[in-house]
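[1] next one to model:
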Amino acid sequence: MAKVSRQSREKLTNEIRDLLNLGVSEDHIISHLKIGRATFFRYKKRVIKQIIKQWEPRDDEIEYQYAMLRKSLEDCYRINYQIANDIKKSPLARSKASEMFVVARAQLVRLAEKGPIFKPQLTL
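    Below is the predicted model:
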């Protein structure tokens, strides 16, 4: 068996991934690329591993998203607090804003206690 260069492996992996993403059938990919079934499935396994690796959480990414979530909740709280206390706004807008800033504050407390837990409770 001839050794395949890294560039050739990467090229074939990318071609298979692109064809799979387009929804091309496995049999068609095998015949189009003129490769054996075992080769196709070996490369498909590599594609799946790459996809899984992309979705593995990284500590720095988690910390960044946690910080962004906290900032968003703080902004939501601040903006809705201002609306709720603005006598120029309609009573309905002030009431909804009051609900939202209370929910945002509760989510900030939950975030501080338990870490990032997402429960979509904010409604417009």
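[2] how's the protein carved up into domains?
    Using automatic domain parsing, the domain ranges for the chain come out as 6-55, 59-114.
[3] worst average pLDDT in these?
    Confidence, taken as mean pLDDT, is least for domain 59-114 of the domains of the chain (a mean of 85).
[4] turn the domains of the chain into TSV, including mean neighbour count.
    For every residue, glycine as well, the C-beta is placed using N, CA and C. Shown next, in TSV, are the domains of the chain (neighbours: other Cβ atoms under 10 Å):
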stretch	mean neighbour count
domain 6-55	13
domain 59-114	14
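[5] which strands or helices does the lengthiest helix in the chain pack on?
    Taking DSSP state H as the criterion, the chain has its longest helix at helix 59-84. Counting contacts by 3 or more Cβ pairs under 8 Å, 6 or more residues apart in numbering; DSSP states H and E, helix 59-84 is packed against helix 91-114.
[6] tilt between the helix it packs on and helix 59-84?
    Using axes from the mean of the first three to the mean of the last three Cα atoms, to 10 degrees, one finds that helix 91-114 and helix 59-84 are set 150 degrees apart in direction.
[7] how far is helix 91-114 from where the chain is centred?
    Centroid displacement of helix 91-114 relative to its chain, using Cα atoms, centre = their mean, to the nearest Å, is 24 Å.
[8] what does stretch 35-51 contact?
    With contact meaning Cβ atoms under 8 Å, 6 or more residues apart in numbering, stretch 35-51 is reached by 9, 12, 13, 16, 17, 20, 26, 29, 30, 33.
[9] distance of the second one from residue 91?
    So that's residue 12. Distance, residue 12 to residue 91, using Cβ to Cβ, to the nearest Å: 65 Å.
[10] same check, this time on the fifth one
    The span separating residue 17 from residue 91 equals 56 Å under the rule Cβ to Cβ.
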